[in-house]
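1. Structure of the sequence below:
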Amino acid sequence: MTPVKYTKEVIKEGKRIRWPHREQLIPTVIVVIVISTFAALFLSLEDLTAGSLISQLTQAFGGK
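-> Sure thing, here's the model as predicted:
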């Protein structure tokens, strides 16, 4: 398959997509942003906790 034919088929399929209406899209976007923010905060807290624990273990067992 040539790149030109592939591109034409991708555009053709893109036109067949049924995009959601604004009333459906806005709440979905808000849910994604809230979940992403929660996940980022949780993972950041977990990373800070693990870093602190590793630092304390290093100091306890004679590290620098």
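2. which residues touch stretch 23-36?
-> With contact meaning C-beta atoms under 8 Å, 6 or more residues apart in numbering, stretch 23-36 is reached by Pro20. For glycine as for every other residue, the C-beta is placed from the backbone atoms N, C-alpha and C.
3. Look up how far Tyr6 lies from the residue positioned nearest the centre of the chain.
-> Ranked by distance to the mean C-alpha position of the chain (C-alpha atoms, centre = their mean), the top residue is Ser36 at 6.5 Å. As judged by C-beta to C-beta, to the nearest Å, Ser36 and Tyr6 stand 32 Å apart.
4. State the number of residues packed around Ala40.
-> Close neighbours of Ala40, defined as other C-beta atoms under 10 Å, add up to 10.
5. Around Val10, how many other residues sit close by?
-> By other C-beta under 10 Å, the residues close to Val10 number 9.
6. next one: Pro3
-> Neighbours of Pro3 (other C-beta under 10 Å): 7.
7. per-residue confidence for Lys64?
-> What the model reports for Lys64 is a pLDDT of 62.
8. Check Phe42 too.
-> We have a pLDDT of 98 for Phe42.
9. what residues are up against it?
-> By C-beta under 8 Å, 6+ apart, Phe42 lies in contact with nothing.
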